[in-house]
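>>> Next one to model:
(one chain, ligands or ions: 1)
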Amino acid sequence: MPGSIHCRPDGGDHGEWIKLGWAFNAEQITEPVREPELNPYFPEVVLRAASRLQPKLAHYLGALPLDRVHYGGYYPMTRENWPLIGAAKTPSVFLATALSGYGTMGARATGDLCARAVVGAPVPVFARSLSLARYDDKALMGQLAASESRGSL
Ligand SMILES: Cc1cc2nc3c(=O)[nH]c(=O)nc-3n(C[C@H](O)[C@H](O)[C@H](O)COP(=O)(O)OP(=O)(O)OC[C@H]3O[C@@H](n4cnc5c(N)ncnc54)[C@H](O)[C@@H]3O)c2cc1C
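The predicted structure is shown next:
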């Protein structure tokens, strides 16, 4: 079974829900549309996979709760699956984008890096690799292109 199946509690401190997710179509690149069509088998597929990881979930196979919520969306990403944060080519325009499947986790660091770019504050060394400037670093881009995994979540 490939990795990247998400299983976690949801609903805050006293939540009784679990959230499952799996971007198993990770390498299928599509043009975005406003209302993407969701795969009706997705909840069943994810539940089956997640129950390999956490066997007690198998209890829900064929008995998915009727009030479950099923949502999906896009992972906007660059080819190398690294974000773009910092100055755009157009003066006074800044990017905080291509956050793929990790944009919630990376939101605060992204905001911090982007705000530093806006006001011209010092940035950590790695900021360059997360900005448009990385495309000038042929060694880094070659290394990323040669990686076996893009690290899709
Ligand atoms: C199913 C799914 C599950 C995910 N789970 C996780 C997770 O568990 N952890 C995690 O870290 N990340 C997760 N992510 C990724 C995370 O949601 C994104 O990386 C993050 O939301 C990106 O933030 P953003 O502000 O760049 O873009 P968005 O959140 O997409 O915000 C862009 C906003 O711009 C608006 N907009 C677009 N076009 C226009 C326009 N022309 N005019 C005005 N407004 C416009 C959109 O309506 C939207 O509100 C998940 C993504 C998906 C799809």
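
>>> And residue 93, how close does it get to the ligand?
Between residue 93 and the ligand the distance, using Cβ to the nearest ligand atom, to the nearest Å, works out to 15 Å. Every residue, glycine included, has its C-beta placed from N, CA and C.

>>> Starting from the ligand, give me the distance back to the closest residue to that residue other than its chain neighbours.
Sequence neighbours aside, residue 87 is the residue nearest to residue 93 in space, at 7.6 Å (criterion: Cβ to Cβ, 6 or more residues apart in numbering). Going from residue 87 to the ligand by Cβ to the nearest ligand atom gives 17 Å.

>>> where does the chain come near the ligand, residue by residue?
Residues of the chain that fall close to the ligand, judged by Cβ under 6 Å from any ligand atom: 21, 72-75, 97, 99-105.

>>> Could you tell me which residues make contact with the residue most central in space within the chain?
Among the residues of the chain, the one closest to the centroid is residue 101, at 0.3 Å (Cα atoms, centre = their mean). Residue 101 makes contact with 23, 75, 152, 153 under the criterion Cβ atoms under 8 Å, 6 or more residues apart in numbering.

>>> With residue 19 instead?
By Cβ under 8 Å, 6+ apart, the residues touching residue 19 are 6, 7, 8, 9, 10.

>>> Isn't the residue nearest to residue 93 up against residue 114?
No. Residue 87 lies out of contact with residue 114 (Cβ atoms under 8 Å); the separation is 9.4 Å.

>>> Now for the two: what residues contact both?
With contacts taken as Cβ under 8 Å, 6+ apart, residue 87 and residue 114 have 94, 95 as neighbours in common.

>>> between the two, who's got more neighbours?
Between residue 87 and residue 114, residue 114 has the larger neighbour count (other Cβ atoms under 10 Å), namely 21 against 18.

>>> wait, what's in contact with the closest residue in space to that one that isn't next to it in sequence?
Of all residues not flanking residue 114 in the chain, residue 96 sits nearest, at 4.3 Å (Cβ to Cβ, 6+ apart). Neighbouring residues of residue 96 by Cβ under 8 Å, 6+ apart: 83, 84, 85, 110, 111, 113, 114.
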